[in-house]
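J.: Sequence unavailable; structure follows:
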């Protein structure tokens, strides 16, 4: 089993900054892509940013130039630096990781999710 633990959410004013962290722990062979999703009230969950194991990144258009995703492979941790926050960024942010697990009887890739952390941007 793999656990993803997020931290760093909170309340911030319009134009402020926050940094989210998500650390993976447990028994696994490696982590492939890691990503941040968000879900605002009444809306579907959307992909915000993704980073491959090699460090390639991609962002949803609405956060380009304001958010930066990064990862520390030695710590199995992914970060999301959020600058110039806007009220429309208010949502629960979820960490996602594609994890390769193995044992004597299986070798598989599986998606794991964090518990979510609330980000609220006040106007």
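T.: Here it is on my side, so go on. It should be emphasised that the depicted structure is a prediction, and the values quoted were computed from it without experimental measurement. Residues are numbered from 1 along each chain as shown.
J.: Look up how far residue 110 lies from residue 64.
T.: Here residue 64 is placed at a distance of 29 Å from residue 110 (Cβ to Cβ, to the nearest Å). From N, CA and C alone the C-beta is placed, and that goes for glycine too.
J.: what's the answer for residue 77, then?
T.: Taking Cβ to Cβ, one finds residue 77 at 19 Å from residue 110.
J.: What segments of the chain are strands?
T.: Along the chain, counting by DSSP state E, strands occupy 2-7, 10-13, 18-26, 30-39, 46-51, 57-59, 67-72, 77-82, 91-102, 107-113, 117-122.
J.: Residue 77 and residue 110: who's more crowded?
T.: Between residue 77 and residue 110, residue 77 has the larger neighbour count (other Cβ atoms under 10 Å), namely 19 against 12.
J.: list the contacts for residue 21?
T.: When contacts are counted by Cβ atoms under 8 Å, 6 or more residues apart in numbering, residue 21 touches 6, 7, 8, 77, 78, 79.
J.: Just list whatever residues bridge to residue 112.
T.: residue 97 (DSSP bridges).
J.: contacting residues for it?
T.: 2, 3, 4, 24, 96, 97, 99.
J.: what pLDDT does it get?
T.: pLDDT, the model's per-residue confidence, is 97 for residue 112.
J.: Okay, it and residue 29: tell me how far apart.
T.: Between residue 112 and residue 29 the computed distance is 14 Å (Cβ to Cβ).
J.: Quick check: phi and psi on residue 74?
T.: phi -70, psi -30 (degrees, to the nearest 10).
J.: quick one: it from residue 31, how far?
T.: Here the distance between residue 74 and residue 31 works out to 11 Å (Cβ to Cβ).
J.: repeat for residue 121
T.: 29 Å.
J.: Likewise for residue 71?
T.: Residue 71 is 8 Å from residue 31, by Cβ to Cβ.
J.: and what of residue 91?
T.: With distances taken as Cβ to Cβ, residue 91 is found 24 Å from residue 31.
J.: So for stretch 41-61, mean pLDDT?
T.: 97.
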